[in-house]
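>>> task: produce atomic coordinates for the following.
(one chain, ligands or ions: 1)
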Amino acid sequence: MFDKKNRWIIVSNRLPLEVKNDEIIRGSGGLITAITGIDSANPILWAGLVPGEDIENDYLASLKKLKDKIQYHPIFIKKKEYHKYYNGFCNDVLWPLLHYETEYVRYDLSNWKTYIDVNKKIARNLSTLIAKDDIVWIHDFHLLLVPKFLKKIKPNCKIGFFLHVPFPSYEIFRQLPMANHILEGVLGADLIGFHDYSYLRYFVSSVRGVLGIYPTKMQIEFNQHQTKLGVFPASINYQIFREISKSQETALLMDKWKQSSFEIEKVILGVDRLDYTKGIDLKLKAYEVFLEKYPQWRGRIQLLQLATPTRTEVPEYINLKNEIDMAVGRINGKFGTANYVPIKYMFNFVTPSELAALYAHADVLLVTSKRDGMNLVALEYIVSQNNDDPGVVILSEFTGAVSHLSEAISINPWNIYETADAIFHAINIPLSEKARKNNIMKKFLFNYTATTWAQRFMQELEAYKVVDQKMRHISSEENIPLEIQTAIKNHHNNLLLLLDYDGTLTPIRSEPSKALLTLRARRLIHKFAITQKVDVCIISGRDRDFLKRQFENYNVYLAAEHGAQFYNKSKGKWMTLVTDHKKKWYASALKIMLDFANMVPSSYVERKDYAICWHYRNSPVEFARYQAVKLRNELEELMRNYPVNVISGKKVVEIKDHSANKGVFLRWFLNRYDFSDKAIIAIGDDATDESLFKELNSNKGITIKVGAANSAATYRMDEHTDVLWFLEKIDQML
Ligand code: ADQ
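Numbers count the residues shown, from 1 in each chain. Okay, here's the model as predicted:
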């Protein structure tokens, strides 16, 4: 069951409150409408940036006076930094790119760096707020990296992310130079929500294309962390909009509208932020075509366009405003008379009652967005309609809302002739049909509110099984945990170290041959190897030649190919530990894989003794990926009666003897040699280390996972640099 007491920490770019002359002013916009519409029994804390210099005291004092169910947590930021992050990256890069408007994109490396810094700062700030059962819900494209940064500091905290804007197709998204960082950032979340299924599908294909991962069933595994995906269309607070639309104030305002346009028979309404994505230019063109094609309506119909000012200081937006102003002037000049204004155009903010009056007054709402994550205006219009004389919605097929508003008239806004005909059709729909349409959609919105939206999302996040709560964190900012120190001391400083290689002793490199030991790591291994008290065993998926080269002069045990081959340091000899079934499968698998290597440019086959890998990291991406799926299927089909596993890794397909397993190796190793007088510590970052951890846990050893993923290990560290710090600390102890 959903726990009503859990606090929801909602995080958005900005807090929805501004302080002006000691007064708190509420902002407007789709995200604010959706979040403030939530009526939840869970306590809500809303965190967000507040830009400005020396404003902390005033802001906090004003907040104190505010009476609100929601608590607010401001994160103060200097205006200059905010400008670079918000205008420089969010609005100059992400907003246009995510809306397919690539010609508006302006890259600036230093703005990207600021975006990273600000996301990091927010994550750090949040980490000081989060209590044990809090659930964190991060909103929108301004904060795409926060999930990763926060997960790193608070791995046990449930983190959700919701994208309010569209996610574009892979072909668009891949243009973003930092596409991989953005995806890695957001994949730190446990659940990612979208308005529409198409956005989810595009996200999955971008993850596949950019990161080379193959997500399954709405779930993505990246760096051994699972992220669930889901579709949660945002909604509005039905009751609030009904109440406002029925209020006296709204009725008075509506009368005013009626009086001011009493000769007008039909009113078409547009309510949009003045943004290039909203397609106001297309709306005006379509309206012009309508007046041309249906001259009988001239003098009897009016387009009321409310455009909300947004980013008014930015050149592109100034140009857009000029363009719209000119188009409105031209159309009014062309069709207007002394008594008739075809377009009434307002460029300002309005109060909720004024907006409700416009909604109730208009016969048709016309939405011509070129791209729109959802479009809450359409929902607000439907809910605000009077039951006796409801209006009709004409809705662009490029909005998320079109999937949920089944009775709206769907149009392609680029087809201005179709839109003109849709206007004609809409104003001629009989009342009974309009009522039928409005009732169906109103009923849907009565049941599916902003609260339902939030609860569905949070319930799914709540149900998410977060990483093992028991894993204790080892950090270079603290000391080695006392239990580990005691275990080492109890064994008189005698120690067996079981160490993975890639990602543990070295960082993961895209070129495996470049993942070499640093001087710092070499020095440590050398020091351990020469003391009598410490035994080191390197256990890796690498083949024996590579390990031999890396550890040539060190007196350490080596287990290559996940323990299939073992180097006995006292005898200076390699031995094979897996049963040799190789003859049965190796040659035929190799033949198939070589065929694929010939077919796919720049791909190659790596022959290990008990495994074969087909690597395609430098090959043409799409083609290679397609062939990788084919290869895997073919191998699984042909090898199904042999003792092998076929695994798809990062740009690699591997077939290996199934007894080549680190856990199996460890069991053999501990039986073969007597380490009973030694404390045993295993460190690894990979999925293949899990069998080793399980085996060692049952032998009372100390197991340490590197990275944030779930694991059977008892301890965890953030990254490979912490491993070196840890080993140095141990060295100092001995
Ligand atoms: P927006 O782009 O802001 O939101 P939208 O969903 O249409 O777009 O919401 C606009 C909001 O602002 C509505 O609640 C409306 O009432 C209000 N509004 C508009 N004009 C106003 C005016 N002149 N004065 C006062 N209020 C006004 C982003 C995405 C959308 C997505 C939402 C929610 O771009 O696609 O639907 O988030 O997820």
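
>>> residues in the protein within reach of the ligand, list them.
By the rule C-beta under 6 Å from any ligand atom, the part of the chain lying against the ligand is 28-31, 33-34, 164-165, 234, 271, 273, 306, 308, 349-350, 355, 372-377, 380. Quick note: C-beta positions are derived from backbone N, CA and C, even for glycine.

>>> ok, the closest residue to the ligand within the stretch 451-600 of the chain - contacts?
Proximity of the stretch 451-600 of the chain to the ligand (C-beta to the nearest ligand atom) peaks at W453, 9.3 Å away. Contact criterion C-beta atoms under 8 Å, 6 or more residues apart in numbering gives A34, I38, F232, P233, A234, S235 as the residues in contact with W453.

>>> now it. Nearest residue, chain neighbours left out?
Distances taken as C-beta to C-beta, 6 or more residues apart in numbering put S235 closest to W453, at 4.8 Å, once the chain neighbours are dropped.

>>> doesn't that neighbour lie inside a helix?
No. S235 sits outside any helix when classified using DSSP: H, G, I helix; E, B strand; the rest coil, being coil.

>>> ok, it to L631 distance?
45 Å (C-beta to C-beta, to the nearest Å).

>>> repeat for K489
According to C-beta to C-beta, K489 stands 52 Å off from L631.

>>> before we move on, what about L692?
Distance check for L692 against L631: by C-beta to C-beta, it reads 28 Å.

>>> these two: who's more crowded?
L692 (30 against 25; other C-beta atoms under 10 Å).

>>> without its sequence neighbours, what residue ends up closest to that one?
Using C-beta to C-beta, 6+ apart, the closest residue to L692 is K662 (3.9 Å).

>>> so who does that neighbour touch?
Contacts for K662 (C-beta under 8 Å, 6+ apart) come out as I539, A559, H562, G563, G684, T688, D689, S691, L692, E695.

>>> separate out the buried members of these.
Neighbour counting by 16 or more other C-beta atoms under 10 Å classes I539, A559, H562, G563, G684, T688, D689, S691, L692, E695 among the contacts of K662 as buried.

>>> which SSE is the last one in?
Assigned by DSSP states H and E, E695 belongs to helix 690-697.

>>> which one of the contacts of K662 is nearest to G212?
The shortest distance between G212 and any of the contacts of K662, using C-beta to C-beta, involves T688 and amounts to 18.5 Å.

>>> before we move on, what SS does the closest one have?
Using three-state DSSP, the structure places T688 in helix.

>>> show the contacting residues for it.
Applying C-beta under 8 Å, 6+ apart as the definition, the contact partners of T688 turn out to be G541, H562, N661, K662.

>>> if we use 6 Å, what do you get?
T688 makes contacts with H562, K662, as judged by C-beta atoms under 6 Å, 6 or more residues apart in numbering.

>>> ok, now how distant is it from the ligand?
Summarising the geometry, the distance separating T688 from the ligand, computed by C-beta to the nearest ligand atom, to the nearest Å, is 41 Å.

>>> got the contact list for stretch 378-385?
By C-beta under 6 Å, 6+ apart, the list of residues contacting stretch 378-385 reads 236, 238, 241, 245, 356, 359-360, 365, 367, 391, 393, 395, 401, 438, 441-442, 445.

>>> now do stretch 103-110
Stretch 103-110 is contacted from outside by G88, D92, V93, P96, L97, using C-beta under 6 Å, 6+ apart.

>>> which helix or strand contains the fourth one?
Looking back up the chat, that one is P96. Here P96, judged by DSSP H and E, is contained in helix 95-98.

>>> chain center to the next helix or strand after that helix: distance?
Stepping forward along the backbone from helix 95-98, the first helix or strand reached (DSSP H and E) is helix 109-127. Helix 109-127 has its average C-alpha position 16 Å from the chain's average C-alpha position, going by C-alpha atoms, centre = their mean, to the nearest Å.

>>> find the closest residue to the ligand in this structure.
G30 (2.2 Å).

>>> just the strands in the stretch 351-500 of the chain please.
The residue ranges that make up the strands of the stretch 351-500 of the chain, judged by DSSP state E, counting those that start in this stretch, are 364-367, 392-396, 409-411, 472-473, 495-499.

>>> can I get the ones you listed in TSV with distance to A463 and mean neighbour count?
Written out in TSV, the entries for the strands of the stretch 351-500 of the chain read as follows (distance: least, C-beta to C-beta, whole Å; neighbours: other C-beta atoms under 10 Å):
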stretch	distance to A463	mean neighbour count
strand 364-367	35	27
strand 392-396	33	27
strand 409-411	34	21
strand 472-473	25	14
strand 495-499	36	24
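
>>> sec struct for N87, please.
helix.

>>> whoops, I mixed them up, I75
I75 carries the three-state label strand when classified by three-state DSSP.

>>> pLDDT score for N710?
Confidence per residue is given as pLDDT, and for N710 that number is 74.

>>> hang on, it in a strand?
No. Counting by three-state DSSP, one finds N710 to be coil, located in no strand.

>>> any idea how many residues pack against it?
A count of neighbours around N710, defined by other C-beta under 10 Å, yields 18.

>>> could we number from 397 for the rest of this?
Taking 397 as the first residue, the last one we looked at is N1106.

>>> need phi/psi at it.
Dihedral angles of N1106 (phi, psi; degrees, to the nearest 10) stand at phi -60, psi 150.

>>> what do you get for V1040?
Phi and psi for V1040, reported as degrees, to the nearest 10, are phi -130, psi 160.

>>> ok, Y897 next?
In this entry, Y897 is assigned phi and psi values of phi -100, psi -80 (degrees, to the nearest 10).

>>> list the contacts for it?
Y897 makes contact with I934, S936, R938, according to C-beta under 6 Å, 6+ apart.

>>> same check on N507?
Taking C-beta under 6 Å, 6+ apart as the criterion, N507 is in contact with K480, G484, F485.

>>> show the model's pLDDT score for it.
We have a pLDDT of 98 for N507.

>>> now it, nearest residue through space, not along the chain?
Nearest residue to N507, sequence neighbours excluded (C-beta to C-beta, 6+ apart): G484, at 3.1 Å.

>>> wait, the residue of the chain closest to the ligand sits on G769?
No. The criterion here is C-beta atoms under 6 Å, and G426 misses it with G769 at 7.5 Å.

>>> of those two, give the one with the bigger neighbour count.
Set G426 next to G769 and count neighbours by other C-beta under 10 Å: G769 wins out with 27 against 19.

>>> list the contacts for S936?
By C-beta under 6 Å, 6+ apart, the residues touching S936 are Y897.

>>> which phi and psi does it have?
Here the main-chain torsion angles of S936 (degrees, to the nearest 10) amount to phi -140, psi 160.

>>> what sits up against the host helix or strand of N728?
With the criterion set as DSSP H and E, the secondary-structure element containing N728 is helix 711-731. Outside of helix 711-731, the residues that reach it under the criterion C-beta under 6 Å, 6+ apart are Y672, I676, L680, E684, L687, R694, R707, V737, P738, I739, Y741.
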